[in-house]
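# have a look; sequence and predicted model below, questions after that.
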Amino acid sequence: MVVGLLSLELFIADAQSLKDKRMVLRAVKDRLRRFNVAVSEVEHQALWQRAGLGVVTIAGSEALASRELQGALDEIERVEPGLVSRSEVEFLA
């Protein structure tokens, strides 16, 4: 069993308030429901234009976990181009 963690830093340029930021994050989380992942905002909760998301999956192999996390990242980039300013993948075996 492998746990895969995708850490994302997002820059939400159009956000003028925390409410605007929450609407964008809700849309991202809703789009990721079709993937086998759990999503949580883990950093920068009080900032309007920055967000830190943790996306986690559990799989039988590192390759499967990597494929699922890459699919989630690709979906975010497809729906909201330029939103992701940094991404990093880690695996725990």
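Cool, the structure landed.
# what comes up buried for whichever helix in the chain runs longest?
Under DSSP state H, the helix in the chain containing the largest number of residues is helix 62-79. Residues of helix 62-79 classed as buried by neighbour count (16 or more other CB atoms under 10 Å): A65, S66, E68, L69, G71, A72, L73, I76. Bear in mind the C-beta positions are built from the backbone N, C-alpha and C, glycine included.
# could you do stretch 14-23 as well?
A15, K21.
# avg pLDDT for it?
Taken as a whole, stretch 14-23 has an average pLDDT of 94.
# check contacts around the residue lying closest to S17 once chain neighbours are set aside.
Among residues not flanking S17 along the chain, W48 sits closest, at 6.1 Å (CB to CB, 6 or more residues apart in numbering). With contact taken as CB atoms under 8 Å, 6 or more residues apart in numbering, W48 is in contact with I12, A15, Q16, S17, L18, D20, K21.
# what backbone torsions are found at the residue nearest to L47 when sequence neighbours are not counted?
Among residues not flanking L47 along the chain, K21 sits closest, at 7.9 Å (CB to CB, 6+ apart). K21 adopts backbone torsions of phi -60, psi -50, taken as degrees, to the nearest 10.
# from L69, how far out is K21?
Separation of K21 from L69 (CB to CB, to the nearest Å): 23 Å.
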